[in-house]
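[1] structure of the sequence below:
(one chain, ligands or ions: 1)
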Amino acid sequence: MIKQNLLALSFDEIESFVIKIGFKKYRAKQILSWIYQKQVKSMDEMTDLSLSDRALLSEKAALLPLKIITRQKSSDGTEKFLLGLEDGNKIESVFLPEEKRLTLCISTQAGCTLDCTFCLTAIEKLKRNLKVSEIIGQVLTVQREHPERRITNIVFMGMGEPLANLSAVTEAVGRMISPIGFSISPRKITVSTAGLAPQINQFLTGPTQANLSISLNATTDAVRNQIMPKVNKLYPIKVLLEALRKTPLPSRRRVTFEYVLLAGVNDSIADAVRLVRLSHGIRCKINLIPFNEFPEASYRRPSDDQIEKFQKTLLKGGLVATLRKNRGQDILAACGQLSGENKGDPP
Ligand code: SAH
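    Next up is the predicted model:
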């Protein structure tokens, strides 16, 4: 008999499952707490169940986090995990420790449907959407390797397009924020999209209270078509911004526009001025990401001077604009450097 993977079940489904195997309904809460809060590795550790109940549960069910294929640590403390899925596909998760917070960057697809020309994941093509258990499994797998500190922030910025797998992402975020799940504040969870306009609307009006980032990356359709061909042909800049303008944001929330700076492509002062104009009327902030180079890439990172001028123009235009620290570059763990392959061994 195939054992039921408990990570594949929603909290309600766990309740029906425990009843089905002959437990009282309240056992579901105990079991959930062992899985998500205490993060045990096996049923044997569930000490508020009797020995015979633990045996029965292990017979019927399993806790299947993901297989760690490799694990590489950057000189700045960032760690990249290459994880194996049951069907042989591979994904990556990136662990980003800082003094005050511990962020995990997770994947939502094996490969990606999109073809953004500056992103290494795009070379992979889409293999498939990840299941909820595989999204949640990344958090559990990496957290188990770092029992000393609790993961405080989650960013859906690994491999794949989260909004192309919206129902699994919604369920996964639900389990992350639930007090009987990981109990992480929705303000500390960020879902990033390349700009699937209809799903943005669905996301912002849906049950998920997490933050939304939009990878804008260009200020004209000509350039966006060149660097993000697939998504921009479906949803050109105007359509994307319309979707944002017409969806009322909950109070005090704002979206983030991510903007990868590519030397000579989208980093001119005219671009910065256009960006100020485009974002008019949208409660937003801008996060600038200087391009992270990888061997196959034909783009370059702009000079520090150019990056600073770009940022200053945004600030002068009244925008909130921050610069993302590039972390884990020596192990190809930074934004856009995830491929699901074991690349980037430290020198
Ligand atoms: N598909 C989603 C989630 C991936 S997030 C999205 O597009 O938002 C990855 C973020 O890293 C995006 O903001 C993307 O624009 C950025 N990015 C991709 N490749 C990059 C690279 N080589 N250097 C810097 N940023 C990159």
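[2] quick one: low-confidence residue ranges for the stretch 201-347 of the chain.
    343-347 (pLDDT under 70).
[3] pretty sure residue 262 sits against residue 298.
    No. Counting by CB atoms under 8 Å, residue 262 does not reach residue 298; the two are 9.7 Å apart. Quick note: C-beta positions are derived from backbone N, CA and C, even for glycine.
[4] which residues of this structure lie near the ligand?
    118-119, 157, 161, 192-194, 215, 217, 258, 260, 289, 291-292, 335-336 (CB under 6 Å from any ligand atom).
[5] and which of those is nearest residue 127?
    For the residues of the chain next to the ligand, the closest approach to residue 127 (CB to CB) belongs to residue 161, at 13.0 Å.
[6] who does the residue most central in space within the chain form a beta bridge with?
    Among the residues of the chain, the one closest to the centroid is residue 156, at 1.0 Å (CA atoms, centre = their mean). Beta-bridge partners for residue 156, by DSSP bridges, are residue 191.
[7] among the residues of the chain next to the ligand, which lie within strands?
    192, 193, 215, 258, 260, 289 (DSSP state E).
[8] by neighbour count, which of those residues wins?
    Counting neighbours by other CB atoms under 10 Å, the top entry in those is residue 260, with 27 neighbours.
[9] so what's that one bridging to?
    As for beta bridges, residue 260 partners with residue 289 under DSSP bridges.
[10] so how far is residue 302 from it?
    Relative to residue 302, residue 260 is positioned 10 Å away (CB to CB, to the nearest Å).
[11] what sits in contact with each of the two?
    By CB atoms under 8 Å, 6 or more residues apart in numbering, residue 260 and residue 302 have these common neighbours: 290, 291.
[12] count of neighbours near the residue in the chain positioned nearest to the ligand?
    Residue nearest to the ligand within the chain: residue 336 (1.8 Å; CB to the nearest ligand atom). Residue 336: 22 surrounding residues under other CB under 10 Å.
[13] surely it touches residue 117?
    No. Assessed by CB under 8 Å, residue 336 is found out of contact with residue 117, at 10.5 Å.
[14] please, where are all the helices along the stretch 201-347 of the chain?
    Here the stretch 201-347 of the chain has its helices, by DSSP state H, counting those that start in this stretch, at 221-227, 229-234, 237-246, 269-278, 304-316.
[15] quick revisit: and for the residue lying closest to the residue of the chain closest to the ligand once chain neighbours are set aside, the neighbour number?
    Distances taken as CB to CB, 6 or more residues apart in numbering place residue 119 nearest to residue 336, at 4.4 Å, with adjacent residues excluded. By other CB under 10 Å, 26 other residues sit near residue 119.
[16] before we move on, what about the one 3 residues further on?
    Here the count is done by other CB under 10 Å, and residue 122 has 21 residues near it.
[17] which residues does it contact?
    112, 114, 115, 116.
[18] quick check: it vs residue 113, distance?
    9 Å.
[19] now residue 167
    15 Å.
[20] more neighbours: these two, which one.
    residue 113 (17 against 10).
[21] quick one: pLDDT of the nearest residue to that one once chain neighbours are set aside?
    Once flanking residues are discounted, residue 113 sits nearest to residue 126: 4.5 Å by CB to CB, 6+ apart. pLDDT, residue 126: 86.
[22] run a quick neighbour tally on residue 126.
    Residue 126 has 17 nearby residues by other CB under 10 Å.
[23] picking up where we left off before, mind putting the contacts of residue 122 in JSON lines, neighbour count and distance to residue 202 included?
    Converted to JSON lines, those look like this (neighbours: other CB atoms under 10 Å; distance: CB to CB, whole Å):
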{"residue": "112", "neighbour count": "26", "distance to residue 202": "20"}
{"residue": "114", "neighbour count": "24", "distance to residue 202": "18"}
{"residue": "115", "neighbour count": "14", "distance to residue 202": "23"}
{"residue": "116", "neighbour count": "22", "distance to residue 202": "22"}
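[24] so which of those residues sit within helices?
    Applying DSSP state H to those, no entry is found in helices.
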